[in-house]
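Colleague: Build me a structure from this.
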Amino acid sequence: MRGAGVVFGIILILLAFIISPFMLDAFDSWHYTEATTISSLTTDGVTAGNITLGHDLYSENLDSVKSISSTNTDDTPAPAAYYESTLALEIDGLEENATRTLTVAYLTDRTDTYLPTLATTFPILIVVCILGIGVGITYRSWRS
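Modeller: The predicted structure is shown next:
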């Protein structure tokens, strides 16, 4: 029984080290979705437009744009670029010489102050608990 406890404890210790980077990333990416709507007009030869977002795009990454919808059925809107200084999202795939209403759903950082504080300490607490349990099981099994 002693060997099984030691092995289980070592597995818990290794598990804590393996999952900690993933947990930190998961807790860091707690965010919420916001939608911004704007009416847009394109002219001859122009198939792109800009929309100013209400908040920063999460991680300044275009993958944080979850959906772009247009009232013009001929549009195939897709994010092309993001300009952090002006919060402008450039959208390609718009039909030229047309009017539409664009709605962008995107991920942004949380704006509350309580959750980010919890999010930075909670994963560390979980890893320390798993480590403590693993060390405790290993020690008690070895001493038995």
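Colleague: Break the chain into its domains for me.
Modeller: Here the domain parsing of the chain from automatic domain parsing is 1-30+113-144, 33-109.
Colleague: Please identify the deepest-packed of these.
Modeller: Of all these, domain 33-109 has the most neighbours on average by mean count of other C-beta atoms under 10 Å, namely a mean of 15. For every residue, glycine as well, the C-beta is placed using N, CA and C.
Colleague: residues making contact with stretch 34-49?
Modeller: With C-beta atoms under 8 Å, 6 or more residues apart in numbering as the test, stretch 34-49 has contacts from 51-55, 80, 90-108.
Colleague: again, only using 7 Å
Modeller: Stretch 34-49 is contacted by residues 51, 53-55, 80, 90-106, 108 when judged by C-beta atoms under 7 Å, 6 or more residues apart in numbering.
Colleague: Put together CSV for the domains of the chain, with mean pLDDT on each row.
Modeller: Below are the domains of the chain laid out as CSV (pLDDT from 0 to 100):
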stretch, mean pLDDT
domain 1-30+113-144, 73
domain 33-109, 85
